[in-house]
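S.K.: Here is the input, now give the coordinates:
(one chain, ligands or ions: 1)
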Amino acid sequence: TPRWLIVPAAGSGRRMGAECPKQYLRIAERPVLAYTLDRLHQAFPEAGLCLCLRPDDNHFTSDWVPFADYRRVPGGEERVDSVINALRAIEPLARDDDLVLVHDVARPCVSIENLMELAHHAARQPNGALLATPVADTIKRDDGAGCVQRTEDRRGLWQAQTPQGFRYALLRRALEAALSADGIGAAMVTDEASAVEALGLTPVLVPGRRDNIKITHPEDLALATHILAAQRP
Ligand code: C5P
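M.R.: Numbers count the residues shown, from 1 in each chain. Got it, this is the predicted structure:
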């Protein structure tokens, strides 16, 4: 099981178009963030949690955090900056081979079973692991002027989800390298695996459930509400 959980929750939620960040939108009176942390806690009650929050976040209260071992870390400009801040914050406590899972706060519907599976694989793979699903739609690339340039071959294409799990030292090295002068840059690091891949390493794809959606657009909140209700035993 993972020693550390990093939950980046410092995004602005611009695409949501709501006045408060998406992790604070309510599903049956509770914010999305509380559901996400509950799932993680059910799977890994002993892990240490790092929650990356915007320094000016005035919605958060620790009432929603079920973990005994938890710290609040300031989020950065981009998602990768937030995750690096968390890795730096736990440096005095973390060992190189500690397993670290990173999970988007905006994915409250992740199943306990998928969390366990991902942790199982990440612990056994030297290059880490991520939940993902095979691409179901036909994928077009545009020509920059609103027309189709080409259709991508979707065979072998996957949609990356979270959590993604890596050893502390590898994740730290990958993210620092991505942000260094000759790295791929923060804009390209939309998940942790991409930084590990940029080192020439190959994280393992763990097939996940399609209902592990990332709440991004307004209609996603209704979808998440439905998924959570359907999952309740
Ligand atoms: O914007 P996107 O949906 O890709 O963000 C994924 C996750 O990263 C969200 O949980 C968001 O809160 C987090 N994030 C962050 N710091 C940023 C940008 C995004 O922690 N600067």
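
S.K.: and the longest strand for this structure?
M.R.: strand 158-167 (DSSP state E).

S.K.: Next, the buried residues of it.
M.R.: Within strand 158-167, the residues scored as buried using 16 or more other Cβ atoms under 10 Å are 160-167. Just so you know, the C-beta spots here come from the backbone N, C-alpha and C atoms, and that holds for glycine as well.

S.K.: Give me the pLDDT for residue 126.
M.R.: The predicted local distance difference test score for residue 126 is 97.

S.K.: show me what contacts it?
M.R.: With contact set as Cβ atoms under 8 Å, 6 or more residues apart in numbering, residue 126 has these partners: 167, 170, 201.

S.K.: Downstream of the longest strand of the chain, the next helix or strand is which one?
M.R.: Next helix or strand after strand 158-167 toward the C-terminus (DSSP states H and E): helix 168-179.

S.K.: which other helices and strands contact the helix or strand following that next one?
M.R.: Scanning forward in sequence from helix 168-179 by DSSP H and E, the next helix or strand is helix 192-197. Using 3 or more Cβ pairs under 8 Å, 6 or more residues apart in numbering; DSSP states H and E as the contact definition, the elements that helix 192-197 packs against are strand 158-167, helix 168-179.

S.K.: that older thread, what comes into contact with the longest strand of the chain?
M.R.: Contacts with strand 158-167, where a contact means Cβ under 8 Å, 6+ apart, come from 2, 96-104, 107, 110, 115, 118-119, 121-123, 126-135, 174, 191-193, 196, 203, 205, 208, 212, 214.

S.K.: hmm, that strand in reach of the ligand?
M.R.: No: against the ligand, strand 158-167 shows no contacts by Cβ under 6 Å from any ligand atom, the least distance being 8.1 Å.

S.K.: what inclination does that strand have with respect to helix 168-179?
M.R.: With axes from the mean of the first three to the mean of the last three Cα atoms, to 10 degrees as the criterion, the two stretches strand 158-167 and helix 168-179 enclose an angle of 120 degrees.
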